[in-house]
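1. give me a 3D structure for the following:
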Amino acid sequence: MKHKTNKQTYTLNFINNTLMRIIFTFLFLILIGAGIIAQNNQKGDTHSSTQNAIIRIEGPVPSGWVKGDNDASTGNSTPVIANENVSFNATSDGIYVTINSGTNKIKLYALTGQLLLNGDLTQGRFFIPARKGIYFLKVNTKSYKVICK
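-> Sure thing, here's the model as predicted:
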C-alpha cells in the first residue's frame, strides 16, 4: 500500500475545504434568498379582497359619517367636496363617500399608482375599506390626495 505524499495530502485537503466552502456558501445564499422573499411577501402594496370593495350603507347616519348637504352637522370632521354632487372623508378605517345625485366615476389608486378600485357610483352613502396610508381618489376627472390616518 502506498503512502500519500505531503503534496497529495495538501491537494486533497484543499479540494475538501473548497467543496465545503462552496456548499456552505450555497446554503447561506439559499437562506438569505428565502428571507428576502419572505420579507417581500410581507411588505408592499398588497391589499386584501375586501379593500377593493365599495360598501353601500343604508339606514341612519352613523357617527363619524361624512355629512351630506341635508344632514345635521355634529362634529369638526370636514368632508372634502369633490364636486357639487360628491363629498368624501378619510378615517383610519377607510374612505366615506357621499353622492348627492347623478352617477360618478370613482377610482382609487395606491401611492404606487396601482389601481385599487374602479366603479360608477350613484346617489347614496358608501364606505371604501382602506388601510392607513396615502391614496389618490379620482372623482370623474378630478383627482384628490386622501390620507387615511
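2. all helices for the protein, in order.
-> Taking DSSP state H as the test, the helices found in the chain are 6-42.
3. what about Ala53, distance to Ile30?
-> Using C-beta to C-beta, to the nearest Å, one gets 39 Å for the distance from Ala53 to Ile30. No exception for glycine: its C-beta is placed from N, CA and C like everyone else's.
4. who has more neighbours, these two?
-> Counted by other C-beta atoms under 10 Å, Ala53 and Ile30 do not tie: Ala53 has more neighbours, with 13 against 10.
5. quickly note the distance from that one to Gly113.
-> Per C-beta to C-beta, Ala53 is found 20 Å from Gly113.
6. ok, Ile95 next?
-> In terms of C-beta to C-beta, Ile95 sits 18 Å off from Gly113.
7. between those two, point out the one with more neighbours.
-> Ile95 (22 against 8).
8. read off the pLDDT value for that one.
-> Looking at Ile95, its pLDDT is 91.
9. bridging residues for it?
-> For Ile95, the beta-bridge partners are Ala90, Ile128 (DSSP bridges).
10. I figured it was touching Leu108, is that so?
-> Yes - counting by C-beta atoms under 8 Å, Ile95 sits close enough to Leu108 to count as a contact (7.3 Å).
11. return every residue with contacts to both of those two.
-> 128, 130, 135, 137 (C-beta atoms under 8 Å, 6 or more residues apart in numbering).
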